[in-house]
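Asks: Below: sequence and its predicted model.
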Amino acid sequence: EEYDHNKHSLSLGIMKAIRPVFDELAHPDTLKKVINGGSQNSNESFHAVLWNLAPKTRYATGVVIDLCAAIAVLSFNDGDQSILPVIAELTGGGCGFCTKVVLKRLDERRVYYEHKQKRTKQEKTKLTKETLDSEQGDRMSLGVNDDSSLDDSYIPGAY
């Protein structure tokens, strides 16, 4: 029996319903908006937070996994300080001073490193753009507009 390549796991009605959304998300103008966002998938980032709390290599009950998932969602969305009410509820009282300070410092450090990483990326992009602009200026001063006609047998200061 031959395999039917035209068979789809989604019904035709559902495919017609989601097609406009897919086309809009895949449109080049939409993709240009997120080009500087980096390539890391947010689900992968969330999973990294979750598996740091409950590693796959150690056994944990369903209740522990549920609690870790809830804490991971809070931490991922609102920062580490957002788990203070959960800790207070679990301990039956308030949180200690050191717990609050540590969670605040963790949030500040995370924000600092994110900004530092973004600045470094922007500086590299700026340097690359400046290098390309200066190379283009050198070519313009030689009266050359495209790379194919550039004969680099003699360029002042090139060697």
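Replies: That came in fine, so what should we check first?
Asks: use CA for all of it now, contacts and neighbours both
Replies: Noted.
Asks: and Ile87, what does it touch?
Replies: Gly94, Cys95 (CA atoms under 8 Å, 6 or more residues apart in numbering).
Asks: what's the helix or strand for it?
Replies: Per DSSP states H and E, Ile87 falls inside helix 84-91.
Asks: Alpha carbons of that helix, as PDB, please.
Replies: Output in PDB follows, covering the C-alpha atoms of helix 84-91 (Å, rounded to 0.1, in the frame of the first residue of the first chain):
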ATOM      1  CA  LEU A  84       8.300  35.300  48.100                       C
ATOM      2  CA  PRO A  85       4.500  34.800  48.700                       C
ATOM      3  CA  VAL A  86       4.900  31.100  47.800                       C
ATOM      4  CA  ILE A  87       7.700  30.700  50.300                       C
ATOM      5  CA  ALA A  88       5.600  32.600  52.900                       C
ATOM      6  CA  GLU A  89       2.600  30.300  52.200                       C
ATOM      7  CA  LEU A  90       4.700  27.100  52.400                       C
ATOM      8  CA  THR A  91       6.400  28.100  55.700                       C
END
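Asks: So which bits of it are buried?
Replies: Within helix 84-91, the residues scored as buried using 16 or more other CA atoms under 10 Å are Leu84, Val86, Ile87.
Asks: So what's the model's average confidence on that helix?
Replies: Confidence for helix 84-91, expressed as mean pLDDT, is 88.
Asks: for stretch 27-38, same thing?
Replies: Taken as a whole, stretch 27-38 has an average pLDDT of 72.
Asks: give me the low-pLDDT residue ranges for the protein?
Replies: Along the chain, segments meeting pLDDT under 70 span 1, 3-5, 8, 33-43, 133, 135-159.
Asks: ok so, going back, off-centre distance for the helix holding Ile87?
Replies: Here the centre of helix 84-91 is set off from its chain's centre by 30 Å, with CA atoms, centre = their mean, to the nearest Å.
Asks: elements contacting the following helix or strand past it?
Replies: Counting by DSSP H and E, the next helix or strand C-terminal to helix 84-91 is helix 97-141. The contact analysis (3 or more CA pairs under 8 Å, 6 or more residues apart in numbering; DSSP states H and E) places helix 97-141 against no helix or strand.
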